[in-house]
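What follows is a predicted structure for the sequence shown.
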Amino acid sequence: MTNRDLIIFITLSFMWSLSFIFYRIGVPEFGSLAFASLRVVLAGLTMLVFVLIKKKNRQGIVKNWKVLTLVGLFSAAIPFILFSFSARSVNAGVLAVLNASVPMMSGFIASTFFKDRLSKKQIIGLVIGVIGVIILMSENLFGEQSATSGSGLLPMGYALLACVGYAVGANITRNYLDNVSPVAITAGSLIIASVIMLPVALYEFPYGKSISLTAWVSVICIGVLSTAIALIFMNQLIKSIGPMRATSITLVIPIFAIILGYLLLGEALDTPAIIGSVVILFGTYLSLDLSIKKMLKS
């Protein structure tokens, strides 16, 4: 990993961790559906610029529009809506940790429906990840909700369903869009998703309500920076260091999100949340079949 790759890796981790902060700031003012749909629309408009600038970025979009529609729904529209509902009561750090379970879910779906074989290490990682989720949700499953945990059983369920959507979208992309460039996949899926979500944005927008500058900055940044630009960076990272080391970014994002949530929003994690987060991240590490020694080699 070169210094440039390391800078992109850290920058991308920071950008994606901020998305959970933006959810917590913007959703209360815009509402869940309006915030999520605006995120999709702004991301789609940003990618439209890239498509218009460079012809190569739009190759394969028209031919594969049906599959790209599914990717746009499962990898953007639906998860963004679910995370927006979840963000009403779940801490940014917890959201980021739950988001880190995507590789585990993706591996399970790949092995169940696409006949990809998982190693023993990955299977153990899946089991550990599930245990971590149970620990994370333990107070809501088996006891009273903590006043400081900032969580809830149903909202956390929304976040997990969003992760399932990401995992489904990833498997569709891997198995049906192998001949399309990563940028074209990103652009096509987000542009199509933005067309679908535009009526929702117009209908759900809180007309007549005073929206703060902070909330506006949040929705613009999450759409442009944490979605469109971040996905472009991710594609570049995959190209430079390979998918194995690139996907390990899911282990770093929660660290930034927890720190930023504490510094910017005053959010703190209770004991079950801390233990569950560590277990989930360890399970994700195993399910990614990562090797620290191999990752450190350039």
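Thanks, I have it.

From here on, just use CA atoms for contacts and neighbour counts.
Will do.

low-confidence ranges in the chain?
Low-confidence segments of the chain (pLDDT under 70): 1, 139-151, 242-245, 288-298.

what about the longest helix in it?
Looking across the chain with DSSP state H, the single longest helix is helix 3-30.

Neighbours of the closest residue to Ile255 other than its chain neighbours, how many?
Take Ile255 and drop its neighbours on the chain: the residue closest to it by CA to CA, 6 or more residues apart in numbering is Gly93, 7.7 Å away. For Gly93, the neighbour count with other CA atoms under 10 Å is 29.

in what helix or strand does Gly93 lie?
Here Gly93 sits within helix 92-99, counting by DSSP states H and E.

How far does the helix or strand following that helix sit from its chain's centre?
On the C-terminal side of helix 92-99, the nearest following helix or strand under DSSP H and E is helix 102-113. In terms of CA atoms, centre = their mean, to the nearest Å, the centre of helix 102-113 is found 16 Å from the chain centre.

got the buried residues for helix 102-113?
For helix 102-113, a neighbour-count test (16 or more other CA atoms under 10 Å) marks Val102, Pro103, Met104, Met105, Ser106, Gly107, Phe108, Ile109, Ala110 as buried.

For those, give me JSON lines that also has distance to Phe282.
Below are these laid out as JSON lines (distance: CA to CA, whole Å):
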{"residue": "Val102", "distance to Phe282": "13"}
{"residue": "Pro103", "distance to Phe282": "12"}
{"residue": "Met104", "distance to Phe282": "11"}
{"residue": "Met105", "distance to Phe282": "14"}
{"residue": "Ser106", "distance to Phe282": "16"}
{"residue": "Gly107", "distance to Phe282": "15"}
{"residue": "Phe108", "distance to Phe282": "16"}
{"residue": "Ile109", "distance to Phe282": "20"}
{"residue": "Ala110", "distance to Phe282": "20"}
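
give me every residue that touches the closest residue to Leu265 other than its chain neighbours.
Among residues not flanking Leu265 along the chain, Ile21 sits closest, at 8.0 Å (CA to CA, 6+ apart). Contacts for Ile21 (CA atoms under 8 Å, 6 or more residues apart in numbering) come out as Ala92, Ala257, Leu260, Gly261, Leu265.
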